[in-house]
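In: Kindly return the folded structure for what I paste below:
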Amino acid sequence: MTTTLPFEKWEGLGNDFVVLGAPILNAEVVRQLCDRHRGIGADGILFVEETGDHAKMIVLNADGSRPEMCGNGLRCVAAFLAEKRGLEEAEFVVATDAGDKRCAVKRNDDGLYDVTVDMGYAKQGLEYVVAAGGKQIRFTTIDVGNPHAISFAPFTQEDVDQIGPIAATGKQGGTNVEFCRVLEGQEQQNTKIEVVVWERGVGRTLACGTGACAVAAAACEAGKAAFGEPMKIVLPGGPLEITVDERRALRMKGPARRVFRGTLAPRSLEGTFPC
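Out: Numbers count the residues shown, from 1 in each chain. From the prediction side, this is the model:
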């Protein structure tokens, strides 16, 4: 009997995902589905497993690798759960490879969802120095459930494309890379930071929720922003509101939106294996 697998396409600030239930797909199928010319097109796949009131999210990047966490993906999953259950407002605890995350969802009149997530705690690591393009770039390392390397040094778009992939693959297990600029005219209590992301396993992305959290934490540690004060992290796809308290606990607020629904044909699912 011919079967098809339903999917939904969701995005958070342009960071886009294919949302599926079981089965988990292998890396080659993930790459095919994420291909923007011959597949659905996405930065990654989000697998949502529901058991009663509990939900679990598994993320696979566009290259088939499995990161620990995805902040934009988590907002999409929380909004997906609210829409599926017909809820205008809801709270969920979603299990991830980086632990359980509490999400509060509110649907707007235009169908866009505002999602606030308790993202856990930021942990600062050792300085990471990368030599590329005749430059030495010093990165602050921050772990927010997945690894990030953050630089506030002046940068060009060419630097992002040249240094980003080298920095992303220069550490064991890889790291996400953020190039940051504190925008002029912003006081510490009203901080706005522009960020360009080179995401591990993906490349340039329009947004990165965990990256925004890591940048906010690094800014507080460096005295560029105040603990306990909401700040705006401006990514190519739009802004996220991030708050870092003195315990280094992180809170992220941003949008999520369903783009469309569809079904995958059996031929697209060759190489699947069950959860």
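In: So which residues of the stretch 151-275 of the chain form helices?
Out: 157-169, 209-221 (DSSP state H, counting those that start in this stretch).
In: how about the ones you listed, which one is nearest residue 230?
Out: Set against residue 230 and scored by Cβ to Cβ, the helices of the stretch 151-275 of the chain come closest in helix 209-221, at 9.3 Å. The C-beta positions use only the backbone N, C-alpha and C, and glycine is treated the same way.
In: picking up where we left off before, point out the most buried one among the helices of the stretch 151-275 of the chain.
Out: helix 209-221 (a mean of 29; mean count of other Cβ atoms under 10 Å).
In: Off-centre distance for that one?
Out: How far helix 209-221 lies from its chain's middle: 13 Å, per Cα atoms, centre = their mean, to the nearest Å.
In: residues contacting residue 199?
Out: 43, 61, 168, 176-177, 205, 208, 211 (Cβ atoms under 8 Å, 6 or more residues apart in numbering).
In: what's the nearest residue to it if we skip its chain neighbours?
Out: Among residues not flanking residue 199 along the chain, residue 205 sits closest, at 4.7 Å (Cβ to Cβ, 6 or more residues apart in numbering).
In: Based on its surroundings, how many neighbours for that neighbour?
Out: Number of residues near residue 205 (other Cβ atoms under 10 Å) recorded here: 24.
In: That one reaches residue 43, doesn't it?
Out: Yes - the pair formed by residue 205 and residue 43 meets the contact definition of Cβ atoms under 8 Å, at 5.6 Å.
In: Residue 83: which of the helices of the stretch 151-275 of the chain is closest?
Out: Between residue 83 and the helices of the stretch 151-275 of the chain, the tightest spacing by Cβ to Cβ is seen for helix 209-221, at 18.9 Å.
In: For that closest one, give the mean pLDDT please.
Out: Mean pLDDT, computed over helix 209-221, is 97.
In: Give me the buried positions along the strand ranked longest in the chain.
Out: Scanning the chain for the longest strand, with DSSP state E as the assignment, gives strand 249-264. Neighbour counts using 16 or more other Cβ atoms under 10 Å place 250-258, 264 of strand 249-264 among the buried residues.
In: Repeat that for stretch 131-149.
Out: Judged by neighbour count using 16+ other Cβ under 10 Å, the buried positions of stretch 131-149 are 137, 139-149.
In: can you name the two of the residues you listed that are farthest apart?
Out: Taking Cβ to Cβ, the two most distant members of the buried residues of stretch 131-149 are 137 and 145; they sit 23.9 Å apart.
In: So residue 18 sits against residue 40, correct?
Out: Yes - contact criterion Cβ under 8 Å: residue 18 and residue 40 qualify, at 5.4 Å.
In: Compare these two (neighbour count), which wins?
Out: Between residue 18 and residue 40, residue 18 has the larger neighbour count (other Cβ under 10 Å), namely 24 against 19.
In: Where does the prediction get shaky in the stretch 51-200 of the chain?
Out: Along the stretch 51-200 of the chain, the parts satisfying pLDDT under 70 run over 184-188.
In: Okay, strands next: where are they in it?
Out: For the stretch 51-200 of the chain, the strands defined by DSSP state E, counting those that start in this stretch cover 54-61, 89-96, 99-107, 113-121, 123-124, 128-132, 135-143, 147-151, 176-182, 192-199.
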